[in-house]
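J.: Any chance you can model this:
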Amino acid sequence: MASTNAGTAVARAKTGNSILIWKDFRMGMIFAIGLAALSGILFAQILPRGPTTQLQGLLVLVGSLILGVLAGYLTQSRLAMLLVPVVHILALEIFRPQLLGPTVGALRLNETYGILAFILGRGLYGLVAVIPMMVGVYLGLVLAHQLSENPGSGFWRWIPSVLVSGIVLALAVWIALPASTPPILGADGKVVPGSIAQLTSLRLGGLEQTILIRGYSTDKPVLLYLNGGPGQSGLPFTRVVLNDLSRDFIVVDWDQRGTGKSYSAFEPSSSLTLAQAINDTLELTQYLRNRFDEQKIYLIGESWGSILGVLAVQRQPELFHAFIGSGQMVSPRETDRRVYKDVLELAAKTGNTKLTTKMQSYGQPPYADLPYANVFAMGQYDALYKPYTPSQAYRALGNSSGIGFYGVMASEYNLIEKFNVLRGLIDTFTVMYPQLQNIDFRRDVKKLEIPTYILDGTSELSARRDLMLEWMNTLETPRKQVFTIANAAHSVAFEQFETFDKIMLEKILPATYLTK
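T.: A predicted model of the protein is given here:
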């Protein structure tokens, strides 16, 4: 019998039908746990938010699989399938730097939004790291057994090995599938000559960010769409809903830093500032002017995008033909205060004491419990909107587009980016929204030097609409107009996109466009 000295490594010792690298199997377990802890610490430092890009997702998957195989081979115990991932996750959580955003923050599993944050953050990591790690442990056990002097069969049959390997392979393929945007097709089903349908990455403010460009012709004027949020990605929505508009414009949608396909630009979070967002907007505008040989471009902002758009226009009006606001925001703090009051009145009117208690527990805006208080208040919006029905065309697109909840099923996102769409909305909102609390255009933006147009949904919350009308009544511009549109609320440009198309082509374009 071989020596019992537990410190003598790599001596082959028989234990039934298997072999141990260590004479004492406990040494293998200790070594495997050490690897799990070390890898957790390493991942916590290198990828504290987990994988945020396709390449990172694949590297995490492969690294976790290798770790699992080593652990299984070293321990030769099924217990490692549970123990190794648990140790890895504990080390990751303990040594992860303190980060901003609910998806990596304290757990709030007593709230629906907290559960969603958990799924988007820890859940994604579990998908690309923990599952491959457990499969790796299993394969390590199989490998050790097959290298023994008496491999046998039973539990170690090759069929389960193939099946579990197929799980990881399928996951790797899913992660690796590229994102794309469909080409622009004519009635004959062929790509329209001279059209553009492109996802493009470029550096804005020193960080990689992504834009979607779609147009039936590259000789048309450029329209840059700024999404709401802060933190929302809307690439598939502009592709689907504004398709007709792209016949007469080059429509550009942009995933701002920390959102959607640009979620990896969240870090350093210190760069997620209002000033930087304005700078990024102006830098992107310069890029579009140069690329398409346009002296100026059109700028439309939705909700948060309407704030960003106004501030960009105020800074450099010479870059823009006109500004169009949809769901125009004027003072986020005042809007939140009015919504707070309206929700309490709604609760009193309906006798909903639970709603009253919940709202009062958050206190007066600006809310300290971000983003949970805001999300709860937003959940009451449907009851506060005046009744309306979006256009039939918009509802038909919603049923047939196949882009899914928040567009996450769209082809414009790969698997990691599908998680990033909602991660970006949750985390970026939490960082950016407090920075908007001192904005009030009634006080700060009394004049804009370019034509300014507002799409006014008659069913919009009075807490937003009244402030917009008050601001527009006093705003000085070369030309201004509020287009009042029935059966629309906050997302007017989408909910009544046919009317928006008509306004752009028949009203705004003839009055403002300067030919090349």
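J.: how about the strands of this structure, start to end?
T.: 9-15, 18-22, 196-204, 207-215, 222-226, 250-255, 297-302, 320-326, 452-457, 480-485 (DSSP state E).
J.: Any chance of JSON lines for those, columns mean neighbour count?
T.: Where C-beta positions appear, they are placed from N, C-alpha and C, glycine not excepted. Below are the strands of the chain laid out as JSON lines (neighbours: other CB atoms under 10 Å):
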{"stretch": "strand 9-15", "mean neighbour count": "12"}
{"stretch": "strand 18-22", "mean neighbour count": "20"}
{"stretch": "strand 196-204", "mean neighbour count": "16"}
{"stretch": "strand 207-215", "mean neighbour count": "22"}
{"stretch": "strand 222-226", "mean neighbour count": "26"}
{"stretch": "strand 250-255", "mean neighbour count": "26"}
{"stretch": "strand 297-302", "mean neighbour count": "26"}
{"stretch": "strand 320-326", "mean neighbour count": "26"}
{"stretch": "strand 452-457", "mean neighbour count": "25"}
{"stretch": "strand 480-485", "mean neighbour count": "17"}
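J.: now those in CSV, with mean pLDDT and distance to Ile89?
T.: Below are these laid out as CSV (pLDDT from 0 to 100; distance: least, CB to CB, whole Å):
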stretch, mean pLDDT, distance to Ile89
strand 9-15, 40, 28
strand 18-22, 53, 25
strand 196-204, 98, 32
strand 207-215, 98, 29
strand 222-226, 98, 38
strand 250-255, 98, 29
strand 297-302, 98, 38
strand 320-326, 98, 43
strand 452-457, 98, 46
strand 480-485, 98, 50
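J.: Make CSV out of the ones you listed and add distance to Leu469.
T.: Listed next are the strands of the chain as CSV, based on distance: least, CB to CB, whole Å:
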stretch, distance to Leu469
strand 9-15, 78
strand 18-22, 76
strand 196-204, 34
strand 207-215, 32
strand 222-226, 21
strand 250-255, 28
strand 297-302, 17
strand 320-326, 12
strand 452-457, 8
strand 480-485, 7
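J.: For Ile159, which of these is the nearest?
T.: Each of the strands of the chain has some distance to Ile159 by CB to CB; the shortest is strand 18-22, at 19.5 Å.
J.: one step back: nearest to Leu99, of the strands of the chain?
T.: strand 207-215 (16.8 Å).
J.: ok, and what's touching the closest one?
T.: 181, 184, 195-203, 235, 238-239, 243, 246, 249-257, 260-262, 264-265, 271, 280, 284, 412 (CB atoms under 8 Å, 6 or more residues apart in numbering).
J.: where's the spatially most central residue of the chain relative to Thr458, distance?
T.: The centre of the chain sits closest to Val421, judged by CA atoms, centre = their mean, with a distance of 2.2 Å. The spacing between Val421 and Thr458, counted by CB to CB, to the nearest Å, is 30 Å.
J.: ditto for Leu79
T.: Taking CB to CB, one finds Leu79 at 64 Å from Thr458.
J.: Over to Asn414?
T.: From Asn414 over to Thr458 (counting by CB to CB), the distance is 39 Å.
J.: which residues touch Ser217?
T.: 194-195, 250.
J.: in the stretch 401-516 of the chain, which segments are predicted with low confidence?
T.: Scanning the stretch 401-516 of the chain for pLDDT under 70 picks out 515-516.
J.: now the helices: where do they sit in it?
T.: 415-432, 441-444, 462-474, 492-495, 497-503, 509-512 (DSSP state H, counting those that start in this stretch).
J.: which of Leu79 and Thr458 has more neighbours?
T.: Taking neighbours as other CB atoms under 10 Å, Leu79 and Thr458 compare with Thr458 leading, 14 against 10.
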